[in-house]
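K.L.:
pasting the sequence and the predicted coordinates here, then a few questions.
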Amino acid sequence: MVYKIADTVFRLSPTYQYTRRLLKNYESEEPAEIAISVTETDILAEKERAEEPVSSGYAESLAVLRKLSDLLLDRDTLLFHGSAIAVDGVVAVFAAPSGTGKSTHARLLRELLSERTVMVNDDKPVIRVADPCIVYGTPWDGKHRLSSNVALPLGAICFLSRDTVNHIERISAEEGLPMLLSQAYRAEAVDRILPLALRLAEAVPLYKLGCNMEPEAAKVSWAVLSQVWEAL
């Protein structure tokens with residue numbers, strides 16, 4: 001089969017039905033530029049990396065993601081851990097460690113802005129560092145399976161933390177860089193990721209967002225982010 005993710009067309013022959021179902025919406029009729037091959041050794045390695053037992057199909061899908069993300073680095077494109085939501089066709093990415101509440105905040109923003117929003121990816125979008133930066137949906141989209149096969153410009157990245165009082169502040173590229181790296185970091189590829197993270201930190205507005213899990217949190221964040229959208 002041929003698939004297209006992040007404007008990259010590749011040939012892949014999945015062994016397991018899980019992977020075929022996962023990639024179904026990304027099938028392409030365009031000529032493949034490259035081939036991705038996943039071996040049983042690759043699958044075993046993903047099982048060993050997993051924090052809990054996983055199926056061979058799920059491990060195969062992770063091996064595909066790992067190999068694809070390596071290829072995308074050569075195209076100035078980062079795999080990113082975050083919840084990416086488009087408002088009026090421009091993407092805000094909410095980044096935080098798992099369990100902090102980024103998916104909840106994206107849901108609150110969807111509820112606030114309704115039909116103006118599109119969920120790009122709720123777990124692992126990819127970002128092409130360019131002018132403008134572009135966010136792509138991927139099929140690796142978290143437990144709620146929220147994603148769209150779209151490519152949209154990036155407006156801002158917000159680093160989310162829990163707080164009792166909702167607040168959002170612009171931060172510098174220098175302050176944001178370690179947080180960017182923490183959500184894009186892979187030990188085996190850090191030398192290739194760091195230059196892209198540096199460029200990304202300079203390319204888009206970065207914010208620190210302290211919030212609770214109440215609807216008011218989305219109102220506070222959008223009050224500031226909407227000013228960025230108006231300036232685009």
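P.N.:
Nice, thanks for sending it over.

K.L.:
domain-wise, how is this protein divided?
P.N.:
2-75, 78-231 (automatic domain parsing).

K.L.:
can you put those in CSV and add mean pLDDT and mean neighbour count?
P.N.:
All C-beta atoms are positioned from the backbone trio N, CA, C, and that covers glycine. Shown next, in CSV, are the domains of the chain (pLDDT from 0 to 100; neighbours: other CB atoms under 10 Å):
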stretch, mean pLDDT, mean neighbour count
domain 2-75, 97, 16
domain 78-231, 95, 18
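
K.L.:
quick check: residue 90 vs residue 129, distance?
P.N.:
From residue 90 over to residue 129 the distance is 16 Å, taken as CB to CB, to the nearest Å.

K.L.:
quickly find the element holding residue 155.
P.N.:
strand 151-162 (DSSP states H and E).

K.L.:
who does that strand pair up with?
P.N.:
strand 90-95 (parallel), strand 134-136 (antiparallel), strand 206-211 (parallel) (DSSP bridges).

K.L.:
residue 10 and residue 32: what is the separation?
P.N.:
With CB to CB as the criterion, residue 10 and residue 32 are 6 Å apart.

K.L.:
mutual contacts of those two, please.
P.N.:
Common contact partners of residue 10 and residue 32 (CB atoms under 8 Å, 6 or more residues apart in numbering): residue 2.

K.L.:
measure residue 138 to residue 10 for me?
P.N.:
For residue 138 relative to residue 10 (CB to CB), the value is 13 Å.

K.L.:
then residue 188?
P.N.:
Counting by CB to CB, the gap from residue 188 to residue 10 is 20 Å.

K.L.:
and the most centrally placed residue in the chain, what does it touch?
P.N.:
A centroid search over the chain (CA atoms, centre = their mean) returns residue 125, at 2.2 Å, as the residue closest to the centre. Counting by CB under 8 Å, 6+ apart, residue 125 makes contact with 80, 82, 84, 91, 93, 135, 136, 137, 138.

K.L.:
quick check: phi and psi on residue 4?
P.N.:
Main-chain torsions, residue 4, degrees, to the nearest 10: phi -130, psi 120.

K.L.:
so what's it closest to, chain neighbours aside?
P.N.:
Spatial nearest neighbour of residue 4, chain neighbours left out: residue 28 (3.7 Å); criterion: CB to CB, 6 or more residues apart in numbering.

K.L.:
with residue 77 instead?
P.N.:
residue 128 (4.5 Å).

K.L.:
surely the one you found and residue 134 touch.
P.N.:
Yes: in this structure, residue 128 is within contact of residue 134 by CB atoms under 8 Å, at 4.4 Å.
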